[in-house]
Every structure is written in structure tokens, then in C-alpha cells.
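Asks: Here is my input, please return the structure:
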Amino acid sequence: MVTRIQRTQGTGTSTKKFTFSGWIKKASNTTSNDQVVFESNNDANNRITTYFRGSTNNTFNIYGALSGSTIINIETTRLFRDISAWYHIVVAVDTTQGTAADRVKIYVNGTQETAFNYTSTYPSQDANLPIGSSSYVNTVGYYAHGGSSAFDGCMSHLHFIDGTAYAASSFGETDATTGEWKIKTSPSVTYGNNGFFILKDGNSVTDQSGNGNNLTVATGTLTKTED
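Replies: Next up, the predicted model:
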């Protein structure tokens, strides 16, 4: 059974700016289906979806649709095939930016991705996004309109920021001794009305941001796994 983690939003801080940050470890590359990490959706035609492409690609993507029209479609050239590794992935979106490439940024382990497959689609300046609106549903680990795109693996320290686009350095830092990118366990960020922080020290979906925006496990079982 697919594990479904979700929360229905209230009135948002912004429909133009948001950040998602999470530490992600894939368990498998063999599935041909996409693996959704985070999504905000009203229906299939109005959504923001971040996901790993299936086994023939193993890229990371962000896709956005508004009223059935594609407004964001970006796919990394970087491949995510190491199932022994944790990846810190940050997606920061700010449609108020004057330069198109600055409106959607993807960071992996602290470094901004700049190489993408195909011709990337960026939202127009000041465009409203299918996020931050009341009644939209935020989901973690599955595609809300079908069960074939569930995530297979582990997640930790998931942040959703409503109203601000943050760089990866807000959530991680380089260890002075090892040189490895590591978690900031209590980042100094402003979460906004719908923001949340879950999976901080285990499998709890109770919001740690101070907002009280708790998610629920609608189906399946969320298992605590120490790595």
C-alpha cells in the first residue's frame, strides 16, 4: 500500500514564492514509474510536482501546470542512481525575478544545478503558481491523482516554505572537518502561513516549524528507519 502523507492548505502567504527542502535517499532505481517527492495540487491540471524520473532517466524534475497549461518543466542532466547516498534537494521558486532562470532554482547537496535536459520552461514574471492557495493539498511521497508514482526510499528534515525562496545554505552547511554537506537541524527561516517542518528526528509528521501545520498519514505506514 502506498504511504500517503498530506495536508490541506489554508490561506497562503504567497502564490509566487516557495521553497521545498529535503534530505532524500532512494531505495531503488528499477521502477519504471516516476517517484514523487513533494507536490502541491488542486487537481491534475493545477499542480506543482517535484519528482525523480523513472529507471530509464533517473533525473530530477519540477513540473507545474495551471489551468491545464504547462508553466514549469525543468529536468536536470544530473542522474540520481546512487541508492546508498543521501541527496539534499532544494527547490526554490520566485516568479518576481526579472531573469527567467532565477525564477526556479534547484540545488543538490548545496550546489545549484545549471545544466538541464531539453529546453526548460520557466514561469512568466510575476506569474501566480498553483501553490499557496486555500484548499490545495500538499502531499509528500506520492502523486495525488494516481498511485503509480509513489516514492520508494527514505526522507528526512522536510521543509516547505510559503512565501520565500531560500538557497540551500539556509538548510545545510559544509562540515569544517570532513568537507561534507550536512544538515542544519534548526534553520533560521520564515515558514509563512502554510509552511511546515516534518520528519525531523524520526517518522513524526507533527509540524516542527511552530505553525502547527501538522500533516497526516492518510494511508499506509510511515516507518522510522535509522541510517
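
Asks: list the contacts for the residue nearest to T219 when sequence neighbours are not counted?
Replies: Spatially, and ignoring its direct neighbours in sequence, T219 is nearest to R4 (4.5 Å; C-beta to C-beta, 6 or more residues apart in numbering). Backbone N, C-alpha and C define where each C-beta goes, glycine included. Counting by C-beta atoms under 8 Å, 6 or more residues apart in numbering, R4 touches 139, 141-142, 217-220.

Asks: mind checking which helix or strand the residue in the chain sticking out farthest from the centre is in?
Replies: In the chain, the residue that sits farthest from the middle, by C-alpha atoms, centre = their mean, is T177; the gap is 29.0 Å. In the assignment (DSSP states H and E), T177 maps to no helix and no strand.

Asks: Now do the contacts for it.
Replies: Taking C-beta under 8 Å, 6+ apart as the test, T177 contacts no residue whatsoever.

Asks: How much space separates it from A85?
Replies: According to C-beta to C-beta, to the nearest Å, T177 stands 20 Å off from A85.

Asks: roughly how far out does the least confident helix or strand in the chain by mean pLDDT sit from the chain middle?
Replies: Least confident element among the helices and strands of the chain, by mean pLDDT, DSSP states H and E: strand 216-219 (a mean of 88). Computed by C-alpha atoms, centre = their mean, to the nearest Å, the chain-centroid distance of strand 216-219 equals 18 Å.

Asks: Same question for stretch 210-224.
Replies: The chain centroid and the centroid of stretch 210-224 are separated by 16 Å, computed with C-alpha atoms, centre = their mean.

Asks: Endpoint to endpoint, that stretch covers what distance?
Replies: In stretch 210-224, first residue to last residue: 22 Å (C-alpha to C-alpha, to the nearest Å).

Asks: go on, stretch 75-84?
Replies: Start-to-end span of stretch 75-84 (C-alpha to C-alpha) is 22 Å.

Asks: Would you indicate which residues of it are buried?
Replies: 75-76, 78, 80 (16 or more other C-beta atoms under 10 Å).

Asks: Would you mind giving the residues you listed as CSV with pLDDT, distance to P130 and secondary structure added?
Replies: Shown next, in CSV, are the buried residues of stretch 75-84 (pLDDT from 0 to 100; distance: C-beta to C-beta, whole Å; DSSP: H, G, I helix; E, B strand; the rest coil):
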residue, pLDDT, distance to P130, secondary structure
E75, 97, 19, strand
T76, 97, 22, strand
R78, 95, 26, coil
F80, 95, 25, coil
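
Asks: what residues does the least confident helix or strand of the chain touch?
Replies: By C-beta under 8 Å, 6+ apart, the residues outside strand 216-219 that reach it are 1-7, 205.

Asks: so what strands line up beside that strand?
Replies: Using DSSP bridges, strand 216-219 pairs in its sheet with strand 4-8 (antiparallel).

Asks: residues near the residue nearest to D43 when sequence neighbours are not counted, how many?
Replies: Once flanking residues are discounted, D43 sits nearest to H145: 7.2 Å by C-beta to C-beta, 6+ apart. Counted with other C-beta atoms under 10 Å, residues neighbouring H145 total 13.

Asks: before we move on, what SS does H145 have?
Replies: Three-state assignment for H145 (DSSP: H, G, I helix; E, B strand; the rest coil): coil.

Asks: Could you check how far it is from Q112?
Replies: As judged by C-beta to C-beta, H145 and Q112 stand 30 Å apart.

Asks: With N73 instead?
Replies: Taking C-beta to C-beta, one finds N73 at 18 Å from Q112.
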